[in-house]
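**Student:** Could you look at this predicted model? Sequence included:
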Amino acid sequence: MKLFLGVLLCSLVLGVSSQGWLSFLKEAGQGTRDMMRAYSDMREANYKNSDKYFHARGNCDAARRGPGGAWAAKVISDARENSQRVTDLFKYGNSGHGVEDSKADQAANEWGRSGKDPNHFRPPGLPAKY
């Protein structure tokens, strides 16, 4: 836990080097909300093959906030994928979150953070609300 907090703090300090703390923290908070909204929308939509779209959309929305939002998106995305790897160790059978799925999720995350259109991953028939 101490190692995790140390890495988190160091990455925060490095991410803030080019701008003010308050601006960075504001963007990080807004980016966190963007990620939470994408996750909430994904759960609400419950639409087959839409996972990658919501990964890309959440990361894209957060990264548009600025460096703080991009940092929050990366930290949240990495934590989510790493936690799935740990929980998969305790599950039997195909949980849908194997190594291949995790790599595909991370590719969608990076796609969104790079500013590319998340609609690249949008499945046909997903309601326009999302």
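**Tutor:** Cool, got the structure.

**Student:** low-confidence ranges in the protein?
**Tutor:** 1-19, 85-97 (pLDDT under 70).

**Student:** hey, where'd the strands end up in it?
**Tutor:** Under the criterion DSSP state E, the chain carries no strands.

**Student:** Could you state which residue of this structure sits nearest its centroid?
**Tutor:** In the chain, the centroid-proximal residue (CA atoms, centre = their mean) is residue 77; its distance is 3.5 Å.

**Student:** Isn't that residue up against residue 108?
**Tutor:** No: between residue 77 and residue 108 there is no contact under CB atoms under 8 Å: 9.1 Å. Where C-beta positions appear, they are placed from N, C-alpha and C, glycine not excepted.

**Student:** circling back to that earlier point, and the residue nearest to the centre of the chain, what does it touch?
**Tutor:** 35, 55, 59, 105, 106, 109 (CB atoms under 8 Å, 6 or more residues apart in numbering).

**Student:** quick one: contacts for residue 29?
**Tutor:** 68, 72.

**Student:** how does it look with 7 Å?
**Tutor:** By CB atoms under 7 Å, 6 or more residues apart in numbering, no residues touch residue 29.

**Student:** now it: how far from residue 66?
**Tutor:** Shown here: residue 29 relative to residue 66, a distance of 11 Å by CB to CB, to the nearest Å.

**Student:** Residue 40 now?
**Tutor:** Taken as CB to CB, the span from residue 40 to residue 66 is 22 Å.

**Student:** of the two, who's got more company?
**Tutor:** Here residue 40 and residue 66 are compared on neighbour count by other CB atoms under 10 Å; more neighbours surround residue 66, at 17 against 12.
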